[in-house]
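Peer 1: whatever this is, show me its structure:
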Amino acid sequence: MPQPRGALRRLGYIMFLSRWIQAPLYLGLIAAQVVYVWRFMAELLHLIELGFGGRPAETTVMLIVLGLVDVVMISNLLIMVIVGGYETFVSRLRIEGHPDQPQWLSHVNANVLKVKLAMAIIGISSIHLLQIFINAAKPAITDRELLWKTLIHLTFILSAVALAVIDRIMDGPRPAHRSDPQTPAADERPRKQIAA
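Peer 2: Numbers count the residues shown, from 1 in each chain. I've put the predicted structure just below:
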């Protein structure tokens, strides 16, 4: 009997070590983050050249700025996936007490990460939708395309709400805070003090 148990334990260790196979995926996302930083700087340089070198239309400037915001939000999404996913599925980061530790990382788990990612996707979709509304006067954008993109955005919102509700249900009802039975309730203390 001890031999099968030892073999099962070794198999469990091997399966547990297999989580490190994901590490190259997160390194690849870091490389994607570098690409987004490069793209942001290129777009920013283009905006500066337009802003100081000529008189671009306000719509053009707004679209470029929205593009920059879009890049930043996608970059934030990447950070959440890299840091939160690595912490949740690969290994602890061991940065407790670090002054730069993100607030959301202290209570991150798979469900919280999914909800946060859904909210980030809604933000990115909102930026794309706003860009389309600004360009709505152009003949290249049809009413059908505008309708479908709006419906997709609403689907993202409904999906995020559903994820949040499922997360709340899985957590279960939070127990009501009960004070120590030996300590009188807050509304009973003044009465006792007055009676004394």
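
Peer 1: check the secondary structure at the closest residue to residue 135 other than its chain neighbours for me.
Peer 2: Of all residues not flanking residue 135 in the chain, residue 141 sits nearest, at 5.7 Å (Cβ to Cβ, 6 or more residues apart in numbering). Placement of C-beta: from N, CA and C, glycine included. Here residue 141 is recorded as coil under DSSP: H, G, I helix; E, B strand; the rest coil.

Peer 1: any idea how far residue 141 is from residue 9?
Peer 2: 61 Å (Cβ to Cβ, to the nearest Å).

Peer 1: ok so, going back, what pLDDT is listed against the residue nearest to residue 135?
Peer 2: Residue 141 is assigned a predicted lDDT (pLDDT) of 70.

Peer 1: burial of it, as a residue count?
Peer 2: If you count neighbours by other Cβ atoms under 10 Å, residue 141 ends up with 14.

Peer 1: can you name every helix or strand that the helix or strand containing residue 34 contacts?
Peer 2: Secondary structure from DSSP states H and E places residue 34 in helix 23-53. The elements that helix 23-53 packs onto, with contact taken as 3 or more Cβ pairs under 8 Å, 6 or more residues apart in numbering; DSSP states H and E, are helix 58-79, helix 85-89.

Peer 1: only C-alpha atoms, please: export the longest one in CSV.
Peer 2: I take that to be helix 58-79. Output of helix 58-79 as CSV, limited to C-alpha atoms (Å, rounded to 0.1, in the frame of the first residue of the first chain):
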residue,chain,number,x,y,z
GLU,A,58,-11.0,68.8,-33.5
THR,A,59,-12.4,65.4,-34.5
THR,A,60,-9.0,64.2,-35.6
VAL,A,61,-7.4,65.2,-32.3
MET,A,62,-10.2,63.7,-30.3
LEU,A,63,-9.9,60.4,-32.2
ILE,A,64,-6.1,60.3,-31.6
VAL,A,65,-6.6,61.0,-27.9
LEU,A,66,-9.3,58.3,-27.7
GLY,A,67,-6.8,55.9,-29.4
LEU,A,68,-4.2,56.8,-26.7
VAL,A,69,-6.8,56.1,-24.0
ASP,A,70,-7.7,52.8,-25.7
VAL,A,71,-4.0,51.8,-25.7
VAL,A,72,-3.7,52.6,-22.0
MET,A,73,-6.8,50.7,-21.1
ILE,A,74,-5.6,47.6,-23.0
SER,A,75,-2.3,48.0,-21.3
ASN,A,76,-4.1,48.0,-17.9
LEU,A,77,-5.9,44.9,-19.0
LEU,A,78,-2.6,43.2,-19.8
ILE,A,79,-1.2,44.2,-16.4
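
Peer 1: cheers, nothing more for now.
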